[in-house]
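**Student:** Dropping a prediction and its sequence here:
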Amino acid sequence: MTVRIHPTAIIDPQAQLADDVKVGAYSVIGANVVIGARTEIGSHSVIEGHTRIGIENNIGHHVLLGGVPQDKKYAGEPTQLLIGDRNTIREFTSVHTGTAQDEGITRIGDDNWIMGYVHIAHDCRIGNKTILASNAQLAGHVHVQDWAIVGGMTGVHQFVKIGAHAMIGGGSALLKDVVPYVMISGNPSAAYGINSEGLKRRGFTPEQIMSIKRAYKMVFRQDLTIEQAIEAIEAAMQSDAPNASAMRLMSDFLRTAERGIVR
């Protein structure tokens, strides 16, 4: 099948576009770009830098992918942006390549829903099946794990980690890490229980959800230090082996939290 490119689009001859890629009017694609099959790109979008995009992505109008990092330390290194499969990236979103001060790669996984005007800065890592609502702004080196939801107009400080299945309310300000499963909201942000409804929709059993609630209380309701909370969760895992893996996600995350956690 042939590549479907609007006659006003500008495609560098060195760019690699797979079969059935669609490129809208006035879009620009640079020399070091690779785009997988059945991906569609709207009008007026710019894809540049060392950017690799997987299959069946839907990229909206006026999107910038692979832009130069907004980091004064960046000195022209050939850093990358890697995007997986089946992502939706809506209008006016910007995603920059990585920097040499990190691994040099900004990563977006598979099946993510990224709404309009979102910014994903250099060296961010977005997992799979996340939702970033309109105007969410992620500073450099932010990690968003699988299934997390970031509400609209939320600002995320650099190096913050958002755990899997967490849910961030709109208009929040995140300065610390967000524990998996937890609902966070506000400025300053605070924890408001676990994302029970989201877990039900994803197939978590009632027993797993109850175990996660137990672990939540250890971290957020018992005045324990992070180290004490980890010990308490691991003790609970030993007495509740069938649901230990659900709780382990929290204890493993707490071991890697470097900025402290939102409580």
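**Tutor:** Right, received. Where do you want to start?
**Student:** For Gly66, pull up the helix or strand it's in.
**Tutor:** Per DSSP states H and E, Gly66 falls inside strand 64-67.
**Student:** Tell me the helices and strands packed up against the helix or strand following that strand.
**Tutor:** Toward the C-terminal end, the helix or strand that comes next after strand 64-67 (DSSP H and E) is strand 80-83. For strand 80-83, the elements it packs on are strand 50-53, strand 64-67, strand 94-96, strand 105-108, judged by 3 or more C-beta pairs under 8 Å, 6 or more residues apart in numbering; DSSP states H and E. Quick note: C-beta positions are derived from backbone N, CA and C, even for glycine.
**Student:** Reformat those into a markdown table and put distance to Ile261 and mean neighbour count next to each item.
**Tutor:** Putting these into a markdown table (distance: least, C-beta to C-beta, whole Å; neighbours: other C-beta atoms under 10 Å) gives the following:
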| stretch | distance to Ile261 | mean neighbour count |
| --- | --- | --- |
| strand 50-53 | 33 | 22 |
| strand 64-67 | 31 | 22 |
| strand 94-96 | 27 | 23 |
| strand 105-108 | 23 | 23 |
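**Student:** hey, where'd the helices end up in the stretch 151-263 of the chain?
**Tutor:** With helices called from DSSP state H, counting those that start in this stretch, the stretch 151-263 of the chain shows them at 196-201, 206-220, 226-239, 244-256.
**Student:** Please identify the buried residues of the second one?
**Tutor:** Residues Gln208, Ile209, Ser211, Ile212, Ala215, Tyr216, Met218, Val219, Phe220 are the ones in helix 206-220 that count as buried (16 or more other C-beta atoms under 10 Å).
**Student:** Tell me what angle that helix forms with helix 244-256.
**Tutor:** Here the directions of helix 206-220 and helix 244-256 differ by 20 degrees (axes from the mean of the first three to the mean of the last three C-alpha atoms, to 10 degrees).
**Student:** Same question for the third one.
**Tutor:** On the basis of the same axes, to 10 degrees, helix 226-239 is oriented at 160 degrees to helix 244-256.
**Student:** centre of the chain versus helix 226-239, how much separation?
**Tutor:** 28 Å (C-alpha atoms, centre = their mean, to the nearest Å).
**Student:** Who are the contact partners of the closest residue to Leu174 other than its chain neighbours?
**Tutor:** Spatial nearest neighbour of Leu174, chain neighbours left out: Val156 (4.6 Å); criterion: C-beta to C-beta, 6 or more residues apart in numbering. Counting by C-beta atoms under 8 Å, 6 or more residues apart in numbering, Val156 touches Ala136, Gln137, Leu138, Ala139, Val142, Val150, Ile162, Leu174.
**Student:** 6 Å - rerun?
**Tutor:** Leu138, Val142, Leu174 (C-beta atoms under 6 Å, 6 or more residues apart in numbering).
**Student:** Could you do Glu40 as well?
**Tutor:** The contact partners of Glu40, by C-beta under 6 Å, 6+ apart, come to Lys22, Asn58.
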